[in-house]
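Undergrad: please find the sequence and the predicted model below.
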Amino acid sequence: AKANQKTPDGFYNEDRPHSSLGNLTPSDFAAQLNPARKVA
């Protein structure tokens, strides 16, 4: 099986940590790249 297969519904597993992302979930990794901005 290929490592980056999608699930049958078309979405990659967002709940499983990935070693290539520093053992973060894809959502947590993306949140680090785009930190929330404070509104003045």
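TA: In hand now; what should we look at? Residues are numbered from 1 along each chain as shown.
Undergrad: spatially nearest residue to the one residue sitting closest to the centre of the chain, not counting backbone neighbours?
TA: Central residue of the chain (CA atoms, centre = their mean): residue 26, 0.7 Å from the mean position. Nearest in space to residue 26, with sequence neighbours left out and distances taken as CB to CB, 6 or more residues apart in numbering, is residue 14 at 5.4 Å. No exception for glycine: its C-beta is placed from N, CA and C like everyone else's.
Undergrad: which residues sit in contact with the one you found?
TA: 25-27 (CB atoms under 8 Å, 6 or more residues apart in numbering).
Undergrad: quick one: low-confidence ranges for this protein?
TA: For the chain, residues meeting the criterion pLDDT under 70 lie at 1-12.
Undergrad: could you pull out the helices in it for me?
TA: 26-33 (DSSP state H).
Undergrad: roughly how far apart are residue 27 and residue 20?
TA: Counting by CB to CB, to the nearest Å, the gap from residue 27 to residue 20 is 15 Å.
Undergrad: what's the neighbour count on the closest residue in space to residue 17 that isn't next to it in sequence?
TA: Sequence neighbours aside, residue 23 is the residue nearest to residue 17 in space, at 4.6 Å (criterion: CB to CB, 6+ apart). Neighbours of residue 23 under the rule other CB atoms under 10 Å: 10.
Undergrad: please apply the same query to the one 5 residues further on.
TA: The number of residues packed around residue 28, counting by other CB under 10 Å, is 14.
Undergrad: tell me the spacing between it and residue 13.
TA: 13 Å.
Undergrad: give the bridge partners for the residue lying closest to residue 32 once chain neighbours are set aside, please.
TA: What sits nearest to residue 32 in space, not counting adjacent residues and going by CB to CB, 6+ apart, is residue 24, at 7.3 Å. Under DSSP bridges, the beta-bridge partners of residue 24 are residue 18.
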